[in-house]
Structure formats: structure tokens, C-alpha cells
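Novice: Can you look at this prediction? I've put the sequence above it.
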Amino acid sequence: MNKKFLLLFFLLTLFPFIFIRGASIHTVALPIKLDDSKAIFKDNIRVSCDSPKVIIKSWKIKTEPVIEFISSFRKNKKLFNQDFKIELELEFRDEKAKLFCSCFVLDLYGKTRPKTLLYDLKDLL
């Protein structure tokens, strides 16, 4: 009985490591275009995914933001006022996932509004 219990315990502890083994790590870039916006607020950028099979390990933006006084906030804010890329390091087993980038944009009239960008992971690979 003890041998069966030990064998079962051993298999159950190894199972998660065997299951995770199929994941691969990639670096992808999300292109962010301003289009009809004046700028994007640096501190309000969020990146997420719709699949539990995709883990966002880290992300960074190499472009330096500019500092501008925003009257609606009554203080200086860091902004991206030109197109840029967000570099993501992902661990995944599902190429059918979708990535989301949520941010706040400053339009040409000085109004702040939310914006969500959608990307297919398979298109970025």
C-alpha cells in the first residue's frame, strides 16, 4: 500500500512539470500608432491576454516619453507623442490567443479618453 501511495504522490508532483514543458518563450512587438490621437499616457498602459495558456513575463518600451503639462490633471505627465512599440516576452502554448493593450490617449482637442488595441498573437510571430 505504501508503494502505491508513493508512486501516486510522485506522479502527481511531476505532472505539472510535464504539463508546462510544452511552453515556448518568444519576444514579440506590439506596434502602437497614434492615428487620430495627439499622445498616449505612459503610466496608463496595460497589456493583457485572453488565454490562460499565455503568460506575459515582462514588457518594456524603449522609446523615451516626453513630459508635458496637462491642464485637466493640473500637472506634468509623461507622454508618447510618436508611434512606438511595446516589446513583450511571452511564454505560451496557444498561438490563437489575443493580446490587448489598454491605454489613455490625449486627443487633438486636449480630451483624455480610453482606448483598447487588439492583436492576434499568430500575426505577431
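Specialist: Great, that's in hand. Numbering: from 1, shown residues only.
Novice: Please enumerate the strands of the protein.
Specialist: 24-32, 37-41, 46-49, 54-60, 66-70, 75-80, 84-92, 98-107, 112-120 (DSSP state E).
Novice: can you list those strands in JSON lines and add distance to Lys3 and mean pLDDT?
Specialist: The C-beta positions use only the backbone N, C-alpha and C, and glycine is treated the same way. Output for the strands of the chain, formatted as JSON lines (distance: least, C-beta to C-beta, whole Å; pLDDT from 0 to 100):
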{"stretch": "strand 24-32", "distance to Lys3": "37", "mean pLDDT": "91"}
{"stretch": "strand 37-41", "distance to Lys3": "61", "mean pLDDT": "91"}
{"stretch": "strand 46-49", "distance to Lys3": "43", "mean pLDDT": "95"}
{"stretch": "strand 54-60", "distance to Lys3": "36", "mean pLDDT": "93"}
{"stretch": "strand 66-70", "distance to Lys3": "67", "mean pLDDT": "93"}
{"stretch": "strand 75-80", "distance to Lys3": "62", "mean pLDDT": "95"}
{"stretch": "strand 84-92", "distance to Lys3": "36", "mean pLDDT": "93"}
{"stretch": "strand 98-107", "distance to Lys3": "47", "mean pLDDT": "94"}
{"stretch": "strand 112-120", "distance to Lys3": "49", "mean pLDDT": "94"}
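Novice: Mean neighbour count for those strands - can I get that in a markdown table?
Specialist: Below are the strands of the chain laid out as a markdown table (neighbours: other C-beta atoms under 10 Å):
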| stretch | mean neighbour count |
| --- | --- |
| strand 24-32 | 14 |
| strand 37-41 | 19 |
| strand 46-49 | 15 |
| strand 54-60 | 14 |
| strand 66-70 | 12 |
| strand 75-80 | 15 |
| strand 84-92 | 18 |
| strand 98-107 | 18 |
| strand 112-120 | 13 |
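Novice: I'd like those strands as JSON lines, with distance to Asn2 appended.
Specialist: Below are these laid out as JSON lines (distance: least, C-beta to C-beta, whole Å):
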{"stretch": "strand 24-32", "distance to Asn2": "39"}
{"stretch": "strand 37-41", "distance to Asn2": "61"}
{"stretch": "strand 46-49", "distance to Asn2": "44"}
{"stretch": "strand 54-60", "distance to Asn2": "37"}
{"stretch": "strand 66-70", "distance to Asn2": "67"}
{"stretch": "strand 75-80", "distance to Asn2": "62"}
{"stretch": "strand 84-92", "distance to Asn2": "37"}
{"stretch": "strand 98-107", "distance to Asn2": "48"}
{"stretch": "strand 112-120", "distance to Asn2": "51"}
